[in-house]
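# Fold the following, please.
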Amino acid sequence: MYYEIQSIVLSVFNAYSILLILYILMSWVPAAQESKFGELLAKVAEPYLGLFRKIIPPLGMIDFSPIIAIFSLNLIATGILKVLSWILL
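The predicted structure follows:
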């Protein structure tokens, strides 16, 4: 049972990481952000990225907050899996 839950948790976090990366890449193409898909990605990704943009300001033209956000997302996934292993194993 643990391995099924582990697979689901990893899939959800990996899918969200991919959505974040797509949103970040779409920022280089303004027309893509104005599409329906771009607006949907903004609604999904911006609340999470906004937390890190408040803490880590951009340095010149470079915004490091998405890197920290994705790294934090991986740490959260690892923590959840560790807690689940304690509970279910």
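
# any idea where the helices of the chain begin and end?
Counting by DSSP state H, the chain has helices at residues 2-26, 30-33, 36-55, 65-88.

# average pLDDT for the third one?
Per-residue pLDDT values across helix 36-55 average out to 96.

# mind checking which helix or strand of the protein has the lowest mean pLDDT?
Every helix and strand of the chain was ranked by mean pLDDT, DSSP states H and E. The lowest is helix 30-33, at a mean of 90.

# Could you list every helix and strand in contact with that helix?
Contacts defined by 3 or more Cβ pairs under 8 Å, 6 or more residues apart in numbering; DSSP states H and E place helix 30-33 against helix 36-55. Where you see a C-beta, it was placed from the backbone N, CA and C, and this is true even at glycine.

# Would you mark the buried spots in the helix it packs on?
38, 41-42, 45, 48-49, 52-53 (16 or more other Cβ atoms under 10 Å).
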